[in-house]
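This is a predicted model, with the sequence first.
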Amino acid sequence: MTPDKIITVKYTAQVSASIISANPTTDLSNPMWAINWFDLRKPWLYERYNQLAFGQLRQHGASPVFKGKLTSTLLKNDRLRRDMLLIVQHRNAQGFLDLLASPFFQLKSKLRNASIKYFQFGFMQKENEEDIVPHSLRYTGRLKYLVHVCESRQELDLQSLLALAASFEIFPHFIGHRSALLGFQKGRGQLKTMDFILSHVFVFSGFDEHAIHAFVYSDEYQKFTQTCSSNFIGIYNRLI
């Protein structure tokens with residue numbers, strides 16, 4: 001059976017919401033990771049939205065897996081740069097749309113819309129397994145998180161990338177590629193998808209920020225960034 005490439009629900013009386021496959025390998029019945037990439041307009045209001053929304057997310061089988069705030073920039077790109085990254089795992093496309101169609105969630109989302117700006121939203125498929133943590137490390141303390149976003153990149157040699165990271169005692173938290181888009185359609189009008197230009201998101205962690213810098217500025221990683229048309233890399237403080 002061919003997997004569905006679009007799933008649609010009634011969003012309001014006049015508007016429908018759809019998740020549309022953006023990759024030939026996407027199976028909308030499988031788990032999906034929602035990427036929220038944005039700047040804050042009113043931080044206190046966004047925190048209030050999180051307090052209200054996260055309980056309902058979990059009721060629909062979803063779980064926030066990473067929330068981070070930018071603390072420093074390693075590779076500048078003003079067009080791609082955002083202050084915040086939130087990654088939420090959903091059980092599948094239908095589960096997300098059921099949540100989206102909830103009038104209570106729509107009401108709570110008004111707080112989010114008022115509290116953020118320059119919002120990029122889409123879905124990714126996670127490529128790495130669970131976090132790799134060795135039995136012994138030279139470094140200890142609080143983890144630092146490296147976030148690398150890019151667009152229009154070539155095929156990923158994941159094993160080579162993971163091997164390079166491990167040599168610096170840097171470990172994968174999330175590696176994902178774009179899998180689907182969210183769109184809305186009013187009546188018989190045109191289906192319009194939300195802005196989402198990112199092709200890949202990489203989140204790595206490490207105990208030593210100097211090691212993270214050495215990893216990013218290594219010849220091998222610099223060659224890796226050249227496989228993308230555009231990149232932004234920063235250090236993020238993990239909040240969730």
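Structure received.

top helix in the protein by residue count?
Longest helix in the chain by number of residues, with DSSP state H as the criterion: helix 43-59.

give me phi/psi at residue 190?
Residue 190 adopts backbone torsions of phi -80, psi 140, taken as degrees, to the nearest 10.

can you check residue 224 too?
Note on residue 224: backbone dihedrals following degrees, to the nearest 10 are phi -60, psi -40.

cool, the one 3 residues further on as well?
Main-chain dihedrals, residue 227, degrees, to the nearest 10: phi -80, psi 0.

Name the residues of the longest helix of the chain that are buried.
Neighbour-count burial for helix 43-59, counted by 16 or more other Cβ atoms under 10 Å, picks out 45-46, 49-50, 52-54, 57. C-betas here are computed from N, CA, C, even on glycine.

Would you confirm that residue 95 belongs to a helix?
Yes - assessed by DSSP: H, G, I helix; E, B strand; the rest coil, residue 95 belongs to a helix.

which regions of this structure sit below the pLDDT cut-off?
Applying pLDDT under 70 to the chain flags residues 1-3, 130-141.

Spatially central residue (nearest the centroid) of this protein, please.
Central residue of the chain (Cα atoms, centre = their mean): residue 35, 2.8 Å from the mean position.

Show me what it is bridged to.
Note on residue 35: beta-bridge partners by DSSP bridges are residue 87, residue 122.

wait, what's in contact with it?
Counting by Cβ atoms under 8 Å, 6 or more residues apart in numbering, residue 35 makes contact with 85-87, 120-124, 176, 196, 198, 201.

repeat for residue 8
16-18, 97.

Identify the residue nearest residue 211 in space, chain neighbours excluded?
residue 168 (4.9 Å; Cβ to Cβ, 6 or more residues apart in numbering).

from what I can see the one you found touches residue 215, true?
Yes - with contacts counted by Cβ atoms under 8 Å, residue 168 reaches residue 215, the gap being 4.1 Å.

Need the residues touching each of the two.
Shared contacts of residue 168 and residue 215, counting by Cβ under 8 Å, 6+ apart, come down to residue 206.

Which one of those two is surrounded by more residues?
residue 215 (22 against 19; other Cβ atoms under 10 Å).

returning to that earlier point: if you rank the contacts of residue 8 by neighbours, which is first?
That'd be residue 97 among those, by other Cβ under 10 Å, with 23 neighbours.

Can you tell me the SS state at the closest residue to residue 82 other than its chain neighbours?
Among residues not flanking residue 82 along the chain, residue 37 sits closest, at 4.8 Å (Cβ to Cβ, 6+ apart). At residue 37 the chain is in strand, as set by three-state DSSP.

Any idea how many residues pack against residue 37?
Neighbour number of residue 37 under other Cβ under 10 Å is 25.

Over to residue 62: give its phi and psi.
Here is the backbone geometry of residue 62 (degrees, to the nearest 10): phi -100, psi 160.

Report the contact partners of the residue nearest to residue 82.
Neighbouring residues of residue 37 by Cβ under 8 Å, 6+ apart: 82, 84-85, 119-121, 149, 198, 201.

rerun that using 6 Å as the cut-off
If a contact means Cβ atoms under 6 Å, 6 or more residues apart in numbering, then residue 37 has 82, 85, 120 as its contacts.
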